[in-house]
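Chemist: structure of the sequence below:
(one chain, ligands or ions: 1)
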Amino acid sequence: MPELPEVQTTVNGINTYLKGLTISDLWTNYSNMSGFHTGKDHIKDPKFFTYFKKQVIGRKIQQAKRRAKNILIELDNDGTILVHLKMTGHLMYGTYVFDKTDKKDPWKGVFPESLKDPFNRHIRFIVTFSNGKYLALSDMRKFAKVTYIAKDQIEKTLHLKDLGPEPLDPLFTKEVLKMRLLKRPNGKIKTVLLDPKIVVGIGNIYSDEILWRAGIHPERIVKNITDKEFGIIFEAAQETLKKGIDFGGDSMSDYRNILGERGKFQAEHKAYRKTGTKCEKKECGGTIKRKVIGGRSAHFCDMHQK
Ligand SMILES: [Zn+2]
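Modeler: Okay, the predicted model is just below:
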């Protein structure tokens, strides 16, 4: 699942390639899904998609922002397209053709070449621009969410409710992190880091990498973490998330950037899915173990993470 660095990489890509483009048409096959989504306020409901089209077609893209793992595409009517990539979603920009003989995946990426990657072919949602190019959402598992938020709703929408602070916000300090984590004093640090009500944007990959870097065992109980250790976790979180962005996100799974290309952070993993390998920390000598904690796989060094 895309985490903060992947979503930020996509937002940066939208700001590079899509600013000022006018939306001329929209397409989705999400609304062919069973009645499960009927009445919901996102485009999997056919009625909502009709409303969505009315709000969005003819509008220009102003800029994109990120809040937690949500992509917020601001339009020139002050409305916002919100996209949550969920498990397997990623947005791509380029040239596409529609092959009506392919009922399942009719949209085919043409240019750039990277759009032809098999992970990029599950197109569920298409934005057509007046320049003849497209923004496409590939989403193999179909869990992604696309919706529209009118300008006076952005502060109160339920889609952005109950979110904790942004870990890379300049106002986010070691003290804020400590205060947030201590809202779950009896929780295990791995589990609490994953809770978007506590702090947003951190999923399974980055929580493993942050705790490896910090030398903290994923099962440490939050109330037993020392003040000094909170500082170390804070620094590790800053460095790891920024590194994720610098490497263009993590493509161990489906994630691809706006041009359909893989990120490179997966080559930097020290713990996540490194089970059985020797710890890379200097003179550690430990081995990376895997253990299910709070229903999620945690990967950690059995020596230096305490
Ligand atoms: Zn180690």
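Chemist: got a list of what I154 touches?
Modeler: Listed by Cβ atoms under 8 Å, 6 or more residues apart in numbering, the contact set of I154 reads L72, T80, L160. Placement of C-beta: from N, CA and C, glycine included.
Chemist: please redo it, this time with the cut-off set to 7 Å
Modeler: Contact criterion Cβ atoms under 7 Å, 6 or more residues apart in numbering gives T80 as the residues in contact with I154.
Chemist: pretty sure it is in a helix, no?
Modeler: No: I154 is assigned coil when assessed by DSSP: H, G, I helix; E, B strand; the rest coil, not a helix.
Chemist: ranges for the helices of the stretch 1-150 of the chain?
Modeler: Taking DSSP state H, counting those that start in this stretch as the criterion, the stretch 1-150 of the chain contains helices spanning 4-17, 46-56.
Chemist: tell me which of the ones you listed sits nearest to the ion.
Modeler: helix 4-17 (23.0 Å; Cβ to the ion).
Chemist: next, the buried residues of the closest one.
Modeler: Within helix 4-17, the residues that qualify as buried by neighbour count (16 or more other Cβ atoms under 10 Å) are L4, P5, E6, V7, Q8, T9, T10, V11, N12, G13, I14, N15.
Chemist: flag every residue of the stretch 151-300 of the chain that's near the ion.
Modeler: With Cβ under 5 Å from the ion as the criterion, the stretch 151-300 of the chain meets the ion at residues C279, K281, C284, G286.
Chemist: which residues pair with the closest residue to V127 other than its chain neighbours across the strands?
Modeler: Excluding its sequence neighbours, the residue lying closest to V127 (Cβ to Cβ, 6 or more residues apart in numbering) is L135, at 4.1 Å. Going by DSSP bridges, L135 is paired in beta bridges with Y93, V127.
Chemist: ok, L135 - contacts?
Modeler: Contacts for L135 were tallied using Cβ under 7 Å, 6+ apart; they are L18, L91, Y93, V127.
Chemist: that'll do, ta.
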